[in-house]
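Asker: Fold the following.
(one chain, ligands or ions: 1)
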Amino acid sequence: MKNTILTLLGLAVLSPSLLRAQTPAAPASFGICAACHGPDGKGIGAGTPMPMAPPYGGSKFVNDGDGEVMASIVFTGIAKEDAKFLGIMAPLGAVLKDEDIAAVLTFVRSNFGNKSSAVTAEQVKGWREKYNGKPMQKRSDIEKLLKPAAAQ
Ligand code: HEC
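Answerer: Purely as a prediction, here's the structure:
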């Protein structure tokens, strides 16, 4: 009886988090990103003159379309053109599997205030063929990949 009550109490405490099915816990692969973008997605050193990396919340590169733009960044990295950030966005396609990338894209696009669609490993497979091994993109190249506002 005591055990039953304890189990029910446990469920009552857990259920709010179980109900929030669309905000899953961070996938293991997010640990790599968090090293620079921070566990809170704000960028390590946010608020200092030179943070490690930019925030994820509200980023057009993160939230654009079906996730292709964000995936392209993970595959090519971003060529460093200024000294805004201490870190460098390196290409990460070689260290992450399609499923890992799908999980991390889905997580980042639906957390930190973002509300964009989930990404599948199947989509990432196609984007790997398109972008993996290509030269690092400049921010201006990435801008050109963005869908026109009207099409979103
Ligand atoms: C070693 C540090 C580092 C790691 C690790 C890292 N990033 Fe980055 N990331 C950066 C930096 C620095 C920039 C900004 C580059 C620039 O604009 O010059 C950036 C930019 C980005 C952007 C563009 C954001 C915007 O709005 O400009 C995305 C998306 C992104 N990273 C995703 C990821 C993901 C996903 C991972 C993990 C799989 C990751 N990054 C791992 C340093 C890092």
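Asker: in whichever strand or helix holds V108, what counts as buried?
Answerer: Per DSSP states H and E: V108 is located in helix 98-109. Within helix 98-109, the residues that count as buried by 16 or more other CB atoms under 10 Å are 98, 100-109. (C-beta placed from N, C-alpha, C; glycine too.)
Asker: quick one: pLDDT of T48?
Answerer: At T48, the model reports a pLDDT of 97.
Asker: where does it fall, helix, sheet strand or coil?
Answerer: Assigned by DSSP: H, G, I helix; E, B strand; the rest coil, the conformation of T48 is coil.
Asker: Quick check: the gap between it and the ligand.
Answerer: Distance, T48 to the ligand, by CB to the nearest ligand atom, to the nearest Å: 14 Å.
Asker: can you count the residues close to that residue?
Answerer: 10 (other CB atoms under 10 Å).
Asker: ok so, going back, helices and strands around the helix or strand just after the helix holding V108, which ones?
Answerer: Per DSSP H and E, the first helix or strand lying C-terminal to helix 98-109 is helix 121-131. Helix 121-131 sits against helix 68-76, helix 98-109, with contacts defined as 3 or more CB pairs under 8 Å, 6 or more residues apart in numbering; DSSP states H and E.
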